[in-house]
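Asker: please find the sequence and the predicted model below.
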Amino acid sequence: MALLLRQAIGDSLRRTRVSQSRTLREVSNSARVSLGYLSEVERGRKEASSELLAAICEALDVPLSDVLVDVSESLTDRSSAKRGDTERTLPAEAPAGSARAGSTSIARDTRVVIPARPAQALAAA
C-alpha cells in the first residue's frame, strides 16, 4: 500500500513533537487546534490545511519547509525501498552529439531555495 501524503506529514509532525518531548496537549494548545484533531493529523487520518500546518509548525518551532523536506525524503526513501533501489542517482551527462548533449546532472543533495517575498510585496500583490 502506498504511503499517503497526509500520513507522511503526520509521521513527520509526530517525530518532531516526540523528539521535543512534548505532549499532544501542549502542542494543540499552542497551535490552537483541538487535541483530537491534532491526533488525527498525526495519525494521517485527516488532511491538514496549509494554515493548520503552519500553526502546528509554529507551535513546534520548526519551519514548515523543514517538515516538507522531511516528508519528501520519507516518500523518496519509501519508493526507493519498494523498487529495491540501493541509491537514487540522476542520469549522467550524455555524450557530445547525442540528443541530450549539454544537459547536466544535479547532485542528489542539491536543494533549491526560493526566498519569500517581503511582506510589503505580498500586501501589494
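Answerer: Cool, got the structure.

Asker: quick one: residues contacting residue 74.
Answerer: Taking Cβ atoms under 8 Å, 6 or more residues apart in numbering, we find residue 74 in contact with 3, 8, 11, 12. Glycine gets a C-beta too; all of them are placed from N, C-alpha and C.

Asker: what's the closest of those to residue 63?
Answerer: Lowest distance from residue 63 to these (Cβ to Cβ) belongs to residue 12, with 12.1 Å.

Asker: which non-adjacent residue is nearest the closest one?
Answerer: Using Cβ to Cβ, 6 or more residues apart in numbering and skipping residues adjacent in sequence, the residue nearest residue 12 is residue 70, 4.5 Å away.

Asker: quick check, the one you found in contact with residue 14.
Answerer: No: shown here, residue 70 and residue 14 do not form a contact pair, counting by Cβ atoms under 8 Å, at 11.3 Å.

Asker: quick one: the helices in this structure?
Answerer: Listed in chain order, the helices of the chain (DSSP state H) span residues 5-19, 24-31, 35-42, 50-60, 64-83, 119-124.

Asker: one step back: how many neighbours does the residue nearest to residue 12 have?
Answerer: Here the neighbour count serves as a burial measure; for residue 70 (other Cβ atoms under 10 Å) it reads 18.

Asker: one more: residue 7?
Answerer: As a measure of burial, residue 7 has 18 neighbours, counting by other Cβ under 10 Å.

Asker: name the nearest residue to it, sequence neighbours excluded.
Answerer: Distances taken as Cβ to Cβ, 6+ apart put residue 44 closest to residue 7, at 3.2 Å, once the chain neighbours are dropped.
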